[in-house]
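Peer 1: Pasting the sequence and the predicted coordinates here, then a few questions.
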Amino acid sequence: MIERLLNLYDDQRPLAEASTIPAPWYTDPYLAEIERCIVFGQNWQMVGRTDQVAQPGQYLATQVGGEPIVVVRGFDNKLNAFFNVCRHHAAAVVQEPCGSVQLFRCPYHGWSYGLDGSLKGTPDFAGVCNFDRAANGLVQVAVDTWEQFVFVCIGGPGQRLNEFLGNVKQLVAPLGIDALKFFDSRTYTLNCNWKVFVDNYLDGGYHIPYLHKGLNSVLDYAEYTIENGEHFCLQTSPITSSQADAQVAASRTGERAYYYWIYPNFMINIYQGVMDTNLVIPVGVNATKVVFDFYFADVSPEKHDQNTASVAVSDGIQREDLNICEAVQRGLHSRAYQAGRLSVRREAGEHLFHRLLARDLKDAMDSAARTRGVDSQ
Ligand code: FES
Ligand SMILES: [Fe+2]
């Protein structure tokens, strides 16, 4: 059944001959579950900011692929990540999304763990036989950082973060985003599959003149460029001086806008002195949470109103995207639609996304089939 679904998409076709991934990939709950395990469970995922775990004892807790995890800065200054699951009876050891501790103490029966994950205390546990304390620490998760972003990989990562990012690092380094500071966050919930939001982001500005008239007034749509890396797509546009929409123009300054997408679900949008990141999190086959984090060069109180106005511009653009994404999801459920063709000029990024996704899913199915073959021998 799942093989039949995966075979509906041919990831070998060049862009000029390619179609989108088929509609059932956006609506099938079983495929969504495989994505949760494979796409989100085996790739690097951005989970937070380095400033949240800058000091020893500082932690952040979140979920990746539906799994609770915690990232903490140890007293040796090393960053550690663990499944936030107590080894006693599986309660979440950390309850708050962020904070600072000397020790993790499980709220259920009081087991405690060091910041290196080692099991420290087990109240009322005398007399328990064959209990290997050293083997009952919190289970480790791969963690690494790039710029001000913390990434984890809950499956054994196939590549180090460095290798996975490839030349994104060299491309982003000169933009100086490490000097930008976190200002505020907005979370949107959309009634669509997570891939609809990613597709919308990766259409090479195709929708901008029609859907975002305000944004269109400051971007040079004709000069929009799209460049694919191994696991990322960079879309850029010169910023024009037409200034038709003064409010948008005031918050989208500089010479160029840079839109980075990193497979599968993380985007970084950079203007001069302004950045926002988008993290796209599936919460069901038809529901997606998108977290926008806003950064500015100057986050002092004097700039508060100006920064708030910039966030409001983004919010307006986001609402335009939200409505169209939900309309697309309704269309994907229609018997009238199976898949659509891609613009060669605009939609190379979407093509890359679909091929990477198909490769992940097909590799997982192949290795599951191999395992079944071994088992049945
Ligand atoms: S579940 Fe954590 S101490 Fe019992
Ligand atoms: Fe948009």
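Peer 2: Perfect, I can see it now. Ligands and ions are numbered 1, 2, ... in the order given.
Peer 1: and Pro68, what is it in contact with?
Peer 2: 61-62, 83-85, 92 (C-beta atoms under 8 Å, 6 or more residues apart in numbering). For the C-beta atoms, the positions are set from N, CA and C on the backbone; glycine is no exception.
Peer 1: Mind listing the residues bridging to it?
Peer 2: Beta-bridge partners of Pro68, counted by DSSP bridges, are Gln63.
Peer 1: that older thread, can you select the buried ones from the contacts of Pro68 in PyMOL?
Peer 2: The PyMOL selection below is limited to those of the contacts of Pro68 classed as buried (16 or more other C-beta atoms under 10 Å):
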select buried, resi 61+62+83+84+85
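Peer 1: Just the ones of the contacts of Pro68 in strands?
Peer 2: Counting by DSSP state E, the contacts of Pro68 place 61-62, 83 in strands.
Peer 1: Quick check: of those residues, which lies closest to ligand 1?
Peer 2: Within the ones in strands among the contacts of Pro68, proximity to ligand 1 (C-beta to the nearest ligand atom) peaks at Phe83, which comes in at 12.7 Å.
Peer 1: How about that closest one: what's its closest non-neighbour residue?
Peer 2: Excluding its sequence neighbours, the residue lying closest to Phe83 (C-beta to C-beta, 6 or more residues apart in numbering) is Val139, at 4.6 Å.
Peer 1: now the strands for the stretch 1-150 of the chain?
Peer 2: 45-49, 58-64, 67-73, 79-83, 98-100, 104-105, 112-113, 119-121, 140-146, 149-153 (DSSP state E, counting those that start in this stretch).
Peer 1: For the last one, name the packing helices and strands.
Peer 2: Right, the one you point to is strand 149-153. Secondary structure elements in contact with strand 149-153, counted by 3 or more C-beta pairs under 8 Å, 6 or more residues apart in numbering; DSSP states H and E, are strand 45-49, strand 67-73, strand 140-146.
Peer 1: Show me which residues of whichever helix or strand comes after it are buried.
Peer 2: Toward the C-terminus, strand 149-153 is succeeded by helix 161-165 as the next helix or strand (DSSP states H and E). Within helix 161-165, the residues scored as buried using 16+ other C-beta under 10 Å are 161, 164-165.
Peer 1: Point out where the protein drops to low pLDDT.
Peer 2: 241-253, 374-377 (pLDDT under 70).
Peer 1: what does it put close to ligand 1?
Peer 2: Within the chain, the positions near ligand 1 by C-beta under 6 Å from any ligand atom are 86, 88-89, 91, 106, 108-111.
Peer 1: Look up the closest residue to Phe149, ignoring the ones flanking it.
Peer 2: Met46 (5.1 Å).
Peer 1: Contact partners for that neighbour?
Peer 2: Met46 neighbours (C-beta under 8 Å, 6+ apart): 149-151, 262, 266, 277, 279.
Peer 1: From Ile154, how far off is the residue of the chain most remote from its centre?
Peer 2: Checked against the mean C-alpha position of the chain, the extreme residue using C-alpha atoms, centre = their mean is Gly127, at a distance of 45.8 Å. Gly127 sits 35 Å away from Ile154, going by C-beta to C-beta, to the nearest Å.
Peer 1: do Ala336 as well
Peer 2: Noted for Ala336: a distance of 38 Å to Ile154, by C-beta to C-beta.
Peer 1: okay, these two: which has more neighbours?
Peer 2: Taking other C-beta atoms under 10 Å, Ala336 and Ile154 do not tie; Ile154 has more neighbours (23 against 7).
Peer 1: Pretty sure that one sits against Val85.
Peer 2: No: counting by C-beta atoms under 8 Å, Ile154 does not reach Val85; the two are 11.4 Å apart.
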